[in-house]
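Enquirer: The following block contains a protein sequence and its predicted model.
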Amino acid sequence: MAYHGKYSSPTELLHDENLSHHEKVEMLTQWRDDKKALIRASEDGMQGDDRSEFLRKIKDGLISLRNGSASR
């Protein structure tokens, strides 16, 4: 979880000019997958923080990277 503790939002990660396009995609993909797992766990009765809005922001960041509209 290279993003963990370093970025407070997907937008912050997208604007990090020290990361390559590929690194941004990898980190956002991992962040998305982690959030999905957390949401699934909370739906299964385990404690978890439902962050569907945050998950949407991650997905939006991935879309912008795929479309070439995010900072590189």
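Expert: All right, it came through fine.
Enquirer: So which residues make contact with the helix or strand encompassing Leu62?
Expert: Following DSSP states H and E, one finds Leu62 within helix 52-66. Applying CB atoms under 8 Å, 6 or more residues apart in numbering, the external contacts of helix 52-66 come out as 9-11, 13-14, 21, 24-25, 28-29, 31-32, 35-36, 39, 70. Just so you know, the C-beta spots here come from the backbone N, C-alpha and C atoms, and that holds for glycine as well.
Enquirer: buried residues in that helix?
Expert: 54-55, 57-58, 61-62, 64-65 (16 or more other CB atoms under 10 Å).
Enquirer: Among the contacts of helix 52-66, which lie within strands?
Expert: Within these, no residue falls in strands by DSSP state E.
Enquirer: pLDDT of the helix holding Leu62, averaged?
Expert: Mean pLDDT, computed over helix 52-66, is 88.
Enquirer: where does the chain dip in pLDDT?
Expert: Residue ranges of the chain with pLDDT under 70: 1, 43-51, 70-72.
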